[in-house]
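*Asks:* all I have is the shape, not the residue letters:
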Ligand SMILES: Nc1ncnc2c1ncn2[C@@H]1O[C@H](COP(=O)(O)OP(=O)(O)OP(=O)(O)O)[C@@H](O)[C@H]1O
């Protein structure tokens, strides 16, 4: 692993999913202002696995929510494929989220009364250019559990269904906020394998927030957040496989 401490905005390998410029976010809480982001500049290359690391409260989730179009910045800009998200109407923003971004959270948010396959099909029914629900389950190695209900699946399996659901609409980007946060190491590794498979099979850009520094060894790049800023970006010349990772 090499540690390239260049300015984050100077890194740009070919195609860029996101170019983020001067991003700030201030939350007003009573009389207090909380500066969650204090000027983030970064280019996120397409097709890579990017891990966001940093102490609690350093702004990682705020950043993810803004680039995913779930929240608005106080100032600054997010360009997705050269398009400024700030220029989009509410309706265009909804379309942006629906077509381009898959979300994976720590909570799986599956519909308990639907099977794994039906949970994935919920998304493919409304997407413009989906993959089949079964192919999505295949990418996360769960075809044999397609007809199981969430209650019949382990936590790691449920998270893999959530990943299958997120990728079924063929998004360019997968945004994952602590996807293995609720899992033990063995099931967590299965979930990470699923993300690596999705990245290599579909070329999906995967941006993953984690507190587990070991996960960073799987990434192409690791973006370190500190106090609302990107402190440095580390490029892994050699990446570990999920099996090699020490949790
Ligand atoms: N809706 C909100 N209202 C007020 N303050 C908020 C809100 N959301 C986040 N914050 C504050 O903004 C700062 C950054 O929070 P954020 O959740 O982005 O950090 P984080 O790095 O993701 O933390 P963690 O790793 O604990 O999830 C924190 O001080 C947090 O308390």
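*Replies:* Now that the structure is in, tell me what you want to look at. Since we're looking at a predicted model, the values are computed, not measured. Numbers count the residues shown, from 1 in each chain.

*Asks:* which strands or helices does the worst-scoring helix or strand of the chain on mean pLDDT pack on?
*Replies:* Within the chain, judged by mean pLDDT, DSSP states H and E, the helix or strand with the poorest mean is helix 185-202; its value is a mean of 88. Judged by 3 or more CB pairs under 8 Å, 6 or more residues apart in numbering; DSSP states H and E, the packing partners of helix 185-202 are strand 49-53, helix 133-139, helix 155-167, strand 173-177, strand 205-209. Quick note: C-beta positions are derived from backbone N, CA and C, even for glycine.

*Asks:* distance from it to the middle of the chain?
*Replies:* With CA atoms, centre = their mean, to the nearest Å as the basis, helix 185-202 stands 13 Å off its chain's centre.

*Asks:* what do you get for stretch 217-236?
*Replies:* That offset, for stretch 217-236, works out to 14 Å (CA atoms, centre = their mean).

*Asks:* in it, what counts as buried?
*Replies:* Using 16 or more other CB atoms under 10 Å as the test for burial, stretch 217-236 gives 217-225, 228-230, 233-236.

*Asks:* just these: which are in strands?
*Replies:* Among the buried residues of stretch 217-236, the residues falling in strands (DSSP state E) are 221-225, 229-230, 233-235.

*Asks:* who does the closest residue to residue 229 other than its chain neighbours bridge with?
*Replies:* Spatial nearest neighbour of residue 229, chain neighbours left out: residue 38 (5.3 Å); criterion: CB to CB, 6 or more residues apart in numbering. Beta bridges link residue 38 to residue 24, judged by DSSP bridges.

*Asks:* what's the neighbour count on residue 38?
*Replies:* Residues near residue 38, counting by other CB atoms under 10 Å, number 15.

*Asks:* what do you get for the one 4 residues further on?
*Replies:* Counted by other CB under 10 Å, the residues lying close to residue 42 total 23.

*Asks:* one more: residue 141?
*Replies:* A count of nearby residues for residue 141, using other CB under 10 Å, gives 15.

*Asks:* is the residue nearest the centre of the chain bridged to anything, and to what?
*Replies:* For the chain, the residue nearest the mean C-alpha position is residue 175 (1.8 Å; CA atoms, centre = their mean). Counting by DSSP bridges, residue 175 is bridged to residue 103, residue 207.

*Asks:* quick one, which of the helices and strands packed on helix 185-202 is nearest to residue 246?
*Replies:* Closest approach to residue 246 among these (CB to CB): strand 49-53, 15.5 Å.

*Asks:* give the pairing partners of the closest one; include direction for each.
*Replies:* As defined by DSSP bridges, the strand partners of strand 49-53 come to strand 205-209 (parallel), strand 221-226 (parallel).

*Asks:* for the ligand, what are the nearby residues on the protein?
*Replies:* Within the chain, the positions adjacent to the ligand are 27, 29, 34, 36, 54, 56-62 by CB under 6 Å from any ligand atom.
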